[in-house]
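Asks: Structure, please.
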Amino acid sequence: MKKNLITRTLGAVGAAALAASFLAGCSSSGDAEAQENPYGLIEPGTIRVASVGDIKPYAYTDSNGEFTGFDVELFTDVAERAGIDNVVFTGQDFAAVLPGVANGQFDVGVAAIGITEEREQTVDFTDGYLAGYLTVLTTADSGITTVEELAGKRLGVVQGSLQEAYAVKNFTEADIVRFPDNNTGVSGMNSGAIDAHFLDYEAAQDYIEQYGHVSAGDIPSFDAPAGFAVAKGNDELREALNEGLHAAMEDGTWKELYQKWFPGSPMPEQYLPSDEQTGAPAEGSEAPAEESADSQ
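Replies: You can find the predicted model right below:
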């Protein structure tokens, strides 16, 4: 009887030791994985970015099919500061960017994405890095010269954008027509399918130069600065990007990129090096429409 009891006791001790050894091994494996992939990336060492290929000068594909633009160059710099040199941009419809980040298809969303309470229910955001104006774009012969004249007109917006939310709330007498991107919307306006297209100010300038279109109104939008989107709860990645973002602002990299991509546009002071700030404008303050960039 004692022999059986001893055998059972030794067996229990052995099983406990084996379990402890297994758990220790799992813990070591988890620690090693965390060290190898501290930001919880889909693929360690690579940041997979959801972006949009036609929102020049923020993010777009050049003649070689490569992503470029203010947001693209800024994010690449910020990622390098976080120790990630391999950044892969993939074009999406704007409405698919945040869902792609939320469901783990992408690590980050980079597309001049305005930070709103509604979007923060789906993803987390870094601190803001850009803010400015929205523009109602129309053809020179449309007869639309003010936003009040949108009543009864067909107004294009990019689905899922700040412009869509603003138009639904404020242009209640206009017929809102949704498009997957700005190029499609402007093409619809060129063909007469819509009367005007609502987009961010800087992107509108490219279409004005290209087609001779005009602005029927420039609307301040300082309450939703653009930020980089990350999955909910990925604080390690968000904090690393914030650290790199503020470093890029402080050492003048943000300023240099802004001057490159928005020549002639005075810079939002809050993003300049601290020794160049004389007092950042309050959120919601107005300035001439040509003085600032914007978010989607």
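
Asks: And for Gly143, the neighbour number?
Replies: Gly143 has 11 neighbours, counted by other Cβ atoms under 10 Å. No exception for glycine: its C-beta is placed from N, CA and C like everyone else's.

Asks: Identify the residue spatially nearest to it, adjacent ones excluded.
Replies: Nearest residue to Gly143 in three dimensions, chain neighbours excluded: Glu149, at 7.3 Å (Cβ to Cβ, 6 or more residues apart in numbering).

Asks: just Gln259 next, same as before
Replies: In space, and not counting its chain neighbours, Gln259 is closest to Met267: 7.6 Å by Cβ to Cβ, 6+ apart.

Asks: now Thr90
Replies: What sits nearest to Thr90 in space, not counting adjacent residues and going by Cβ to Cβ, 6+ apart, is Ala50, at 6.1 Å.

Asks: tell me the contacts of the one you found?
Replies: 90, 92, 96-97, 100-101, 105-106, 108-111 (Cβ atoms under 8 Å, 6 or more residues apart in numbering).

Asks: Which of the residues you listed sits closest to Thr253?
Replies: Closest to Thr253 out of the contacts of Ala50 is Val110 (15.9 Å), distances taken as Cβ to Cβ.

Asks: Show me what the helix or strand hosting Val157 packs onto, helices and strands only.
Replies: For Val157, the host element (DSSP states H and E) is strand 154-158. In terms of contacts (3 or more Cβ pairs under 8 Å, 6 or more residues apart in numbering; DSSP states H and E), strand 154-158 is packed against helix 162-170, strand 175-179, helix 182-191, strand 196-200.

Asks: Name the residues of the first one that are buried.
Replies: Of the residues in helix 162-170, those scored as buried under the neighbour-count criterion (16 or more other Cβ atoms under 10 Å) are 162-167.
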